[in-house]
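Chemist: Please find the sequence and the predicted model below.
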Amino acid sequence: MTAIEVQSLTKRYGRFPALNNLTFSLGQGQVVGLMGENGCGKTTLLKVLAGVMLQYDGEVSILGHRPGPESKALVSFLPDQSFLADGDRIRRCADMYADFFGDFNREKFDDLLKFFRLEPAMKLSQLSKGMREKAQIALAMSRDARVFLLDEPISGVDPAARDVILRAVVRHLEPDSLVLISTHLISDVEPILDRVLMMRYGQVLLEGGVDDLREQHGKSMDQLFREVYRWSEN
Amino acid sequence: MEFNSSAPIWLQLVDECSRRIVTGQWPAGTRVPGVRDLGVELGVNPNTMQRALAELDRQGITVPDRTVGRFVTDDTARIDELRDAVAAGSADDFIQRARGLGMSLEGARKLLTNRWPDLEGNA
């Protein structure tokens, strides 16, 4: 079944089109990497899909719903900026998540905290950047959601922590859920991906299965990305 | 796990699992870890892991079981065959490099014979 369907999606900031007549669709049961340079529209796209940006042109459907309250109940969104209050403890953040989202799964959350070696009593203001990112990933991935939208979940985190975070993303993955993860750290993320969606200037440059593309081009996604960007310059 | 950049990831996973079987890390007749656990251990997604394991099933190196996942084959002849195939791959790499250095078969043989005892116990 199609999880995300986007048709002729355009979003302008003033005159500048952040998304320019964008069309694609993604099926359930896969992890998809959303790649592109800064300013190519990744964050804007995720915000539209998450239902936090409602002004746009074109058609967007998440599991058959327009972005809004019904889709939000099925979508777990991890924004690129911290959304937690510094003074809170991890335990309190989890309680808040449980209040907001009926599908918050305590068992998954406790397991992920252990996996990350975090304690519920830890205060966010005492966490390093990597630990904080882990806490946020634990919250986002502990919902029994159908679609997960993760905006740059590993940027600004050291390589060892990146690795642990990416393992956590696939740890409780249900066979029919869709994970869309935006990143410019392509080589780190590539092993957990089924597909890539490469964007530029608010449009899709290239889309395909990671192992299909590797087989066709004999290149990693990082190398392919650089090549595709070079020819799209001309 | 580190992946090289040119080959599909699922094929590299088939190689890694084969290596574990021929080295006895996964002994003949024992249960293979589940798709999810392996995926998390190797840092890949479950679909890619599943594809690699299905290939091992297809090659008769592992045997799927309806209730508990899959087992390494208890056919040790099949595992010996796999060991030969894995070793042949490394040998091919060596031959290409030796040839690239202008070495003859006789020279390469001598080299192997001389070096072999030095690396004993180093495997």
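Modeler: Looks like it arrived, so ask away. Residues are numbered from 1 along each chain as shown, chains lettered A, B, ... in the order given.
Chemist: What ranges in chain A fall below the confidence cut-off?
Modeler: Scanning chain A for pLDDT under 70 picks out the ranges A:234.
Chemist: what about the strands in it?
Modeler: Secondary structure of chain A (DSSP state E): strands at A:2-13, A:16-27, A:30-35, A:57-62, A:75-78, A:147-151, A:178-183, A:195-200, A:203-209.
Chemist: I'd like those strands written out as TSV, with mean neighbour count added.
Modeler: (Glycine included, C-beta is placed from N, CA and C.) Listed next are the strands of chain A as TSV, based on neighbours: other CB atoms under 10 Å in any protein chain shown:
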stretch	mean neighbour count
strand A:2-13	17
strand A:16-27	17
strand A:30-35	25
strand A:57-62	17
strand A:75-78	23
strand A:147-151	23
strand A:178-183	25
strand A:195-200	21
strand A:203-209	17
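Chemist: Now render these as a markdown table, adding distance to B:R70.
Modeler: Shown next, in a markdown table, are these (distance: least, CB to CB, whole Å):
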| stretch | distance to B:R70 |
| --- | --- |
| strand A:2-13 | 29 |
| strand A:16-27 | 26 |
| strand A:30-35 | 23 |
| strand A:57-62 | 36 |
| strand A:75-78 | 32 |
| strand A:147-151 | 28 |
| strand A:178-183 | 26 |
| strand A:195-200 | 26 |
| strand A:203-209 | 24 |
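Chemist: beta partners of the most centrally placed residue in chain A?
Modeler: Closest to where the C-alpha atoms of chain A average out (CA atoms, centre = their mean) is A:L150, at 2.0 Å. Beta-bridge pairing for A:L150 (DSSP bridges): A:L78, A:I181.
Chemist: And it, how close does it get to chain B?
Modeler: 14 Å (CB to the nearest CB, to the nearest Å).
Chemist: Tell me where chain A has helices.
Modeler: A:42-50, A:69-72, A:90-100, A:106-116, A:129-141, A:159-171, A:186-189, A:210-217, A:221-233 (DSSP state H).
Chemist: Throw the ones you listed into JSON lines and include mean neighbour count and distance to chain B, thanks.
Modeler: Below are the helices of chain A laid out as JSON lines (neighbours: other CB atoms under 10 Å in any protein chain shown; distance: least, CB to the nearest CB, whole Å):
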{"stretch": "helix A:42-50", "mean neighbour count": "23", "distance to chain B": "19"}
{"stretch": "helix A:69-72", "mean neighbour count": "15", "distance to chain B": "24"}
{"stretch": "helix A:90-100", "mean neighbour count": "16", "distance to chain B": "22"}
{"stretch": "helix A:106-116", "mean neighbour count": "16", "distance to chain B": "9"}
{"stretch": "helix A:129-141", "mean neighbour count": "21", "distance to chain B": "13"}
{"stretch": "helix A:159-171", "mean neighbour count": "18", "distance to chain B": "5"}
{"stretch": "helix A:186-189", "mean neighbour count": "20", "distance to chain B": "8"}
{"stretch": "helix A:210-217", "mean neighbour count": "18", "distance to chain B": "4"}
{"stretch": "helix A:221-233", "mean neighbour count": "15", "distance to chain B": "6"}
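Chemist: okay, the ones you listed in JSON lines with distance to A:G14 next?
Modeler: Shown next, in JSON lines, are those (distance: least, CB to CB, whole Å):
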{"stretch": "helix A:42-50", "distance to A:G14": "13"}
{"stretch": "helix A:69-72", "distance to A:G14": "27"}
{"stretch": "helix A:90-100", "distance to A:G14": "33"}
{"stretch": "helix A:106-116", "distance to A:G14": "40"}
{"stretch": "helix A:129-141", "distance to A:G14": "31"}
{"stretch": "helix A:159-171", "distance to A:G14": "35"}
{"stretch": "helix A:186-189", "distance to A:G14": "30"}
{"stretch": "helix A:210-217", "distance to A:G14": "35"}
{"stretch": "helix A:221-233", "distance to A:G14": "24"}
